[in-house]
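>>> Task: produce atomic coordinates for the following.
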Amino acid sequence: MGRSTVFAQGLVALATLSAASPVPISITSSKRAATNSTGSISWGPCSDQFPSNLTCATYTVPLDWSDPNGNETIELGMVRAEAKDKDNRIGYLFVNPGGPGGQATSLLASLAQEPDRLDSRILDRFDIVGLDPRGVGISTPVQCDPAAFNKRVAYFPETQDQFDDLVAYNKGLAESCRAKTGRLIDFVDTISAVKDHEAVRKALGDEKISLLGLSYGTQLFSQYAELFPDNIRALVLDGNLQHSQSESSNLLIESNTYETTLKQFFSWCANASEDECPLSGQDVQAKYESVLAKATKSPIPASGCNNTDCRSDVTSEDLRFNLQGYLISTGSWSSLAQALIKADDGDATLVSQAQGLAVGDAYEDSSLYAGTAIACQDWDHASTSLADVQAKATLGSSLSPLTGGACQSYKIQTSCIGWPAPLSNPTKRVTYKGDTKILMAQSTYDPSTSYAWGVGLHAEIGPDRSVFLTRRGSGHTSYLLGGNTTAAINTYLLDLTLPDPGTVLES
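Have a look, this model is predicted:
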């Protein structure tokens, strides 16, 4: 689902930023005096962790939106790329890169450092806002014990002892999160984040906004559209996540799209030039299966890792989970081939580095911690026994034999067994009754958010209220690739012109 590590792979593929400061930014009173104030939000200089061409702001909201006048509050942090052509400014464009746990501030910071990745007209005419959802980034973050998070457990338990260890790990991590984070751990569901975005919209002047949601961002903004349909000027959902499927359906759909895209990689690499793929002309699937067999027999050492930023060896389970992240961007496929070559030779460092570990940085680690916390409040996880989990493993291995059903949906469902926070945003269909037509983009071979989810969400929203745009190709999401799909999305954002229903583009 493009969520972070495993719960933030989508974010990793879209943008990375080395955060220099581990603490949420704040604007001092002296800086506030010189800021340009809009509504009740004042934009001012950011901390050194962000490019100087961005401005930053904070905004206070209730911890619990069911008690909006309560004494408990949290702080939302956001960055802005201000419209360059103020005379022709369209309005605010909110972006979310996915996750859950993905940092909108990190995405916008990356784009600010590489402005050529966006159409100049988008930069000219929109105030682009990256608002970190509650629990994430420079908003009040979810914090946990890194050692508790990094502890290794088997997500595919074969014995009762292994299952008991998994549940104990989940509970121990949750206890550390509650001790460090407080009551916020119970209020990081997507509906709360939706209401945060609406509060910020009103504080920025109460104008209609445009929204661009990638991966999990499609869930965030489709649920925004359901609750606040009249406040949207334009809405793009790219790499769609369908929040209405059953647990078993999600496992089937996501593990299948992961495995299908892995096969696309095998075919591409075998037929690519040697400059493009170091396994050119070879049986790439056989190379993968060789590595998997070796990791199954005994963990493969990762000589470049020391268990602080990546694990010192790689199990077959690690391999199957971690390769999903490599498939996010086709630009990483050559590196994936190199990772398989080295692992087959006995060094799985590159495979291990694809799995994020907590490093003790509040900004960076919040994506990992919040990813788990949000997912456990948003997605059903009814398994309570070893037999339940083994049935899911059998489903995966039967229908996705190369990857054995390892995928982000599976890890969420097993990571949340024993999680104490309530399931406050359970799976359900999206009901949208707004007049603004939504543009939905989906690639045919997306390793995280399946084409099936895109078609399903389109049916929920309705063909009379949305247009479904297909990119025939591989990779997770389409907007930042710069092809014809990007151009179609930009045309819609700029002047609300939609492609014809059923349009299929090749880039």
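
>>> need the helices for the stretch 251-400 of the chain, in chain order.
284-297, 316-326, 333-344, 349-352, 362-378, 386-399 (DSSP state H, counting those that start in this stretch).

>>> Look at Ser21 and report its pLDDT.
Note on Ser21: pLDDT of 33.

>>> What of the one 5 residues further on?
Per-residue confidence for Ser26 comes out at a pLDDT of 31.

>>> Tell me the helix or strand right after the helix or strand that Val455 is a member of.
If you go by DSSP states H and E, Val455 is part of helix 451-461. Moving toward the C-terminus from helix 451-461, the next helix or strand (DSSP H and E) is strand 466-474.

>>> Can you show me the CA trace of that next one as PDB?
Output of strand 466-474 as PDB, limited to C-alpha atoms (Å, rounded to 0.1, in the frame of the first residue of the first chain):
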ATOM      1  CA  SER A 466     -14.800  10.500 -11.000                       C
ATOM      2  CA  VAL A 467     -12.700   9.700 -14.100                       C
ATOM      3  CA  PHE A 468     -10.400   6.700 -14.000                       C
ATOM      4  CA  LEU A 469      -7.000   7.200 -15.800                       C
ATOM      5  CA  THR A 470      -4.800   4.200 -16.500                       C
ATOM      6  CA  ARG A 471      -1.000   4.300 -17.000                       C
ATOM      7  CA  ARG A 472       0.100   1.100 -18.700                       C
ATOM      8  CA  GLY A 473       3.300   0.400 -16.900                       C
ATOM      9  CA  SER A 474       5.100  -0.500 -13.700                       C
END
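
>>> Which one, of the helices of the stretch 251-400 of the chain, ends up nearest to His197?
Closest approach to His197 among the helices of the stretch 251-400 of the chain (CB to CB): helix 362-378, 14.2 Å. Where C-beta positions appear, they are placed from N, C-alpha and C, glycine not excepted.

>>> so how far is that closest one off the chain centroid?
How far helix 362-378 lies from its chain's middle: 10 Å, per CA atoms, centre = their mean, to the nearest Å.

>>> For Gln282, which residues are in contact?
Residues in contact with Gln282 (CB atoms under 8 Å, 6 or more residues apart in numbering) are 269-270.

>>> give me the number of residues near Glu289?
Per other CB atoms under 10 Å, the neighbour tally for Glu289 reads 12.

>>> distance of it from Ser40?
Glu289 sits 58 Å away from Ser40 when distances are taken as CB to CB, to the nearest Å.

>>> how close does the residue nearest to Ser466 when sequence neighbours are not counted get to Gly462?
Take Ser466 and drop its neighbours on the chain: the residue closest to it by CB to CB, 6 or more residues apart in numbering is Ile438, 4.1 Å away. For Ile438, the distance to Gly462 (CB to CB) stands at 9 Å.

>>> okay, and the common contacts of those two?
Common neighbours of Ile438 and Gly462, counting by CB under 8 Å, 6+ apart, are Tyr432.

>>> neighbour count winner among these two?
Shown here are Ile438 and Gly462; by other CB under 10 Å, Ile438 has more neighbours (26 against 13).

>>> Does the more buried one touch Leu457 like I think?
No - contact between Ile438 and Leu457 fails when scored by CB atoms under 8 Å: they sit 9.7 Å apart.

>>> anything in contact with each of those two?
222, 237.

>>> Quick one: the strands in the stretch 151-300 of the chain, in order.
Assigned by DSSP state E, counting those that start in this stretch, the strands in the stretch 151-300 of the chain fall at 209-214, 232-238, 300-301.

>>> Listing partners with orientation, what would you give for the longest one?
Counting by DSSP bridges, the strands paired with strand 232-238 are strand 209-214 (parallel), strand 438-445 (parallel).

>>> Let me know which of those strands is tucked in deepest.
Mean neighbour count, computed with mean count of other CB atoms under 10 Å, is highest for strand 209-214 among the strands paired with strand 232-238, reaching a mean of 27.

>>> State the pLDDT value of the closest residue to Val291 other than its chain neighbours.
Using CB to CB, 6+ apart and skipping the chain neighbours, the partner closest in space to Val291 is Ala343 (4.7 Å). At Ala343, the pLDDT value in this model is 98.

>>> if I look at Ala343, how far off is Lys297?
As judged by CB to CB, Ala343 and Lys297 stand 13 Å apart.

>>> With Ala154 instead?
16 Å.

>>> Pass me the low-pLDDT residue ranges in the stretch 301-450 of the chain, would you?
For the stretch 301-450 of the chain, no stretch has pLDDT under 70.

>>> State the mean pLDDT of stretch 481-498.
Rounded mean pLDDT across stretch 481-498 is 98.

>>> One more: stretch 42-56?
Mean pLDDT, stretch 42-56: 96.

>>> Out of the strands paired with strand 232-238, flag the one nearest Thr477.
So among the strands paired with strand 232-238, strand 209-214 is nearest, using CB to CB, at 4.6 Å.

>>> for the record, mean pLDDT for the closest one?
Rounded to a whole number, the mean pLDDT of strand 209-214 is 98.

>>> can you check stretch 246-255 too?
Averaging pLDDT along stretch 246-255 yields 96.

>>> List the buried residues in that stretch.
Within stretch 246-255, the residues that count as buried by 16 or more other CB atoms under 10 Å are 247, 249-255.

>>> can I get the residues you listed in a markdown table with distance to Val389?
Shown next, in a markdown table, are the buried residues of stretch 246-255 (distance: CB to CB, whole Å):
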| residue | distance to Val389 |
| --- | --- |
| Glu247 | 11 |
| Ser249 | 17 |
| Asn250 | 15 |
| Leu251 | 11 |
| Leu252 | 16 |
| Ile253 | 19 |
| Glu254 | 16 |
| Ser255 | 15 |
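
>>> ok so, going back, of all the strands of the stretch 151-300 of the chain, which one comes closest to Arg429?
Across the strands of the stretch 151-300 of the chain, Arg429 has its closest neighbour in strand 232-238 (14.8 Å, CB to CB).

>>> Check what contacts that closest one and list those residues.
Under CB under 8 Å, 6+ apart, the answer for strand 232-238 is 90-91, 208-215, 217-218, 221-222, 224-225, 434, 436, 438-442, 457, 477-479, 489, 492-493, 496.

>>> Hmm, Phe94 and His197 touching each other?
Yes - with contact defined as CB under 8 Å, His197 reaches Phe94; the gap is 6.6 Å.
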